[in-house]
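[1] turn this into a structure:
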Amino acid sequence: MYKYIIMLSLLSISMPASAERSKRLLSLSKEIRCVVCQGQSIADSNAPIAKDMKHKIKLLLEQKKTEKEIRRYLSQRYGDNILLRPPVNRSTWLLWGFPLLAGLSFLGRYAWKLAGK
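    Modelled structure (predicted):
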C-alpha cells in the first residue's frame, strides 16, 4: 500500500515539470523555422529534420537549458535565419529596417505628389 502512495506522489511531483517542459517545447518549436519547409515552423512541419530539431530541443530542455541558450545554440548551428523572429544585428538590420524605409519612401512620394498639385 505504501509503495503505491509513494509512486503516486512521485508521479505527481514529476508531472508539473513535464507539463512545463512540454509548454516550453511547443513555444520554442513555434519560434524555429523548418529548414526544409519554407515559412513554416518546426511545430507545424512533419519533415524529418523538423522532428529531429524538436527532439534536440527536448534534450536541451531536459538538460535545463534556457530558451535563450537553445535559440543561441540553434542560431549558431543554422544561422539567424532559423529563427522566425531573428535578432536585430548588423546582418539583419535591412530585414528589420526595410518596412520602415519603404513606408517612409511611400509617405515621402505621397507628400511630394500632394505638394505638386
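[2] mind listing the helices for the protein?
    Applying DSSP state H to the chain gives helices spanning 2-31, 48-62, 67-78, 93-116.
[3] let's have the ones you listed in JSON lines, adding distance to residue 84.
    Yep, even glycine has a C-beta here, placed from its N, CA and C like the rest. Converted to JSON lines, the helices of the chain look like this (distance: least, Cβ to Cβ, whole Å):
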{"stretch": "helix 2-31", "distance to residue 84": "5"}
{"stretch": "helix 48-62", "distance to residue 84": "13"}
{"stretch": "helix 67-78", "distance to residue 84": "11"}
{"stretch": "helix 93-116", "distance to residue 84": "12"}
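[4] which one of the ones you listed has the lowest average pLDDT?
    For those, the weakest mean pLDDT is recorded on helix 2-31, namely a mean of 67.
[5] let me know whether residue 30 touches residue 43 as I believe.
    Yes - the pair residue 30 / residue 43 is scored as a contact, 4.7 Å apart, by Cβ atoms under 8 Å.
[6] and the nearest residue to residue 88 once chain neighbours are set aside, how far from residue 65?
    Among residues not flanking residue 88 along the chain, residue 96 sits closest, at 5.1 Å (Cβ to Cβ, 6 or more residues apart in numbering). Per Cβ to Cβ, to the nearest Å, residue 96 is found 27 Å from residue 65.
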